[in-house]
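# here is the input, now give the coordinates:
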Amino acid sequence: MRPAKTQSEVELLQGRLRQMMLLQDAAHKINSILDLDTLLDAIVGDVAQTFGCSRSAVLLIDEASNELELVAVRGWTTHVHPKGFRFKIGREGLVGQAALSEKPLYTPDVSKSPHYLISEETTQSELDIPLKTRGRVLGVFNAQHPELDAFPEAQRDLLEALAEHLAIAIENAKLFRQERQARERLEKDQADAHRVQVSLLPRNAHEIGSFSVSGMCLPVSAVGGDWFDYFPVGDGLVGLALGDVAGKGMPAALLMASTRSILRQHAKKNASPAQILTHLNDILCDDFPQGSFVTMIYGTLDTRRETLILSSAGHPQPLVATRNGVNDLEIPGGLPLGIQASRFGESVINLAPGDSVLLYSDGIIEASSPQGEEFGMERLKQSFAAKDLADDTVIAAAQAFASPGMLTDDATALIVKRRSL
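Sure, this is the predicted structure:
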């Protein structure tokens, strides 16, 4: 029979088991926690508790100052060096020596080391392990104990293995933090751009005489290339436009804003819609990056003559709703703006009481159901013929069809109405 183990042997085995379990648990945390502060606080807390340390800590190198910053610390009391304290590498403390040598430094009796700086009054032995990954030192793992020579070789091996895992985790967590910060900056920039873009759209319906003009734009991302506009251009005249810049995101939004600004400048020269598009196209052909273009419908509503003149640059044909039903309005086509010189035709509509005209972007008719079926022209005509017609109801119909309400392209609608008598 094997002799029974003594109480001290049992306690030693139990201690080693706890330490091995610490390493296993730490490895799990290292693989599952990406937030750097949370990870380091968890690790130093586990080490302090499992190894009976008077203090355990992680210090990371600030490359700009060549200093070690104390970023996580756990100890029974706090003495001289709290979280945020800095050590000069190679000049201050045992941690500074370990970082300089890039090798583990074990000090069984800190009172005999000229480099030791008191950070915990009860500390008598200290272990400092450089945190290295791909040959580069990221920082130092520090463990202190209230007993002399308290870290036998087996424990040091365990802690060095832990430090290897920890170094990789720190590098991954730093990359995660950088990516998160970059994403947050991008989201903020997009939110700011969205506010600017929304501010460029008319906020309220335009009422003049028996006519009203209203619109709605629903981008699929924070910013997009669709827009609509309406504004007075003379006595009883309203200029109105709906455009769709090729592409999405910030580049399309920038081109949209530029196109809108140029259009407004030329629209007040009392030229015809076709002439306005011609002037605009000449400018955009010179200014737009190669491969960029915008489809657009521009028109002039004459509230005195009760007519609407429209010209199109490669844009989907408008719809006209009268008491006889909903029909396409054929406009002699021109190329999208910004590609090459083009000629643009015009169509004139006489608007009787109760008539409406719908301008829209292709994001509405191309909205797809989960089965891949497009919303299409017929459904658009049906929604346009509804008695409670509004720009938002047209877009809502496309959203509902594309359930769960997600569109794959920006959706914009602009409606001109003449009130019934």
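# roughly how far does the nearest residue to residue 328 once chain neighbours are set aside sit from residue 377?
Distances taken as Cβ to Cβ, 6 or more residues apart in numbering place residue 317 nearest to residue 328, at 4.9 Å, with adjacent residues excluded. Backbone N, C-alpha and C define where each C-beta goes, glycine included. Distance, residue 317 to residue 377, by Cβ to Cβ, to the nearest Å: 9 Å.
# between these two, tell me which one has more neighbours.
residue 317 (18 against 15; other Cβ atoms under 10 Å).
# how about the contacts made by the more buried one?
Residue 317 makes contact with 328-331 under the criterion Cβ atoms under 8 Å, 6 or more residues apart in numbering.
# distance of it relative to residue 356?
On the measure of Cβ to Cβ, residue 317 and residue 356 end up 15 Å apart.
# quick one: end-to-end length of stretch 85-96, please.
This stretch, stretch 85-96, spans 13 Å end to end (Cα to Cα, to the nearest Å).
# for stretch 409-421, list every residue counted as buried.
Neighbour counts using 16 or more other Cβ atoms under 10 Å place 409-418 of stretch 409-421 among the buried residues.
# quick check: mean pLDDT of it?
Stretch 409-421 carries an average pLDDT of 87.
# do the same with stretch 119-138
According to the model, stretch 119-138 has a mean pLDDT of 91.
# then stretch 311-328?
92.
# before we move on, what about stretch 45-58?
82.
# one more: stretch 168-184?
pLDDT averaged over stretch 168-184 gives 83.
# likewise stretch 219-227?
74.
# give me the number of residues near residue 357?
24.
# could you check the pLDDT of it?
94.
# wait, a helix at it?
No. Under DSSP: H, G, I helix; E, B strand; the rest coil, residue 357 falls outside any helix and is assigned strand.
# which parts of the stretch 101-250 of the chain are helices?
Ranges of helices in the stretch 101-250 of the chain, per DSSP state H, counting those that start in this stretch, are 153-199, 249-267.
# please disregard the earlier target; I meant the stretch 301-421 of the chain.
362-365, 376-384, 391-401.
# point out where the stretch 201-350 of the chain drops to low pLDDT.
222-223 (pLDDT under 70).
# try it again at 90.
The model of the stretch 201-350 of the chain has pLDDT under 90 over residues 201-205, 215-227, 234-235, 245-260, 265-271, 286-292, 323-325, 332-334.
# domain parsing of the chain, as residue ranges.
7-175, 192-418 (automatic domain parsing).
# next, format those as CSV and append distance to residue 182.
Listed next are the domains of the chain as CSV, based on distance: least, Cβ to Cβ, whole Å:
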stretch, distance to residue 182
domain 7-175, 11
domain 192-418, 15
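# which one, of these, ends up nearest to residue 185?
Ranking the domains of the chain by proximity to residue 185 (Cβ to Cβ) places domain 192-418 first, at 10.6 Å.
# rewinding a little: among the domains of the chain, which comes closest to residue 186?
Once these are compared by Cβ to Cβ, domain 192-418 is nearest, at 9.4 Å.
# so how far is the closest one off the chain centroid?
28 Å (Cα atoms, centre = their mean, to the nearest Å).
# okay, how far is it across it, tip to tip?
36 Å.
# looking at it, residue 414 is touching residue 360, isn't it?
Yes. Under the criterion of Cβ atoms under 8 Å, residue 414 makes contact with residue 360 at 7.5 Å.
# need the residues touching each of those two.
With Cβ under 8 Å, 6+ apart as the test, residue 414 and residue 360 both reach residue 242.
# how about the helices of the stretch 101-250 of the chain in JSON lines, adding distance to residue 86?
As requested, these are exported to JSON lines (distance: least, Cβ to Cβ, whole Å):
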{"stretch": "helix 153-199", "distance to residue 86": "18"}
{"stretch": "helix 249-267", "distance to residue 86": "40"}
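# so which of the contacts of residue 317 sit within strands?
Of the contacts of residue 317, the ones assigned to strands by DSSP state E are residue 328.
# I'd like the contacts of residue 317 as a markdown table, with distance to residue 346 and neighbour count appended.
Listed next are the contacts of residue 317 as a markdown table, based on distance: Cβ to Cβ, whole Å; neighbours: other Cβ atoms under 10 Å:
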| residue | distance to residue 346 | neighbour count |
| --- | --- | --- |
| 328 | 16 | 12 |
| 329 | 11 | 17 |
| 330 | 11 | 11 |
| 331 | 7 | 21 |
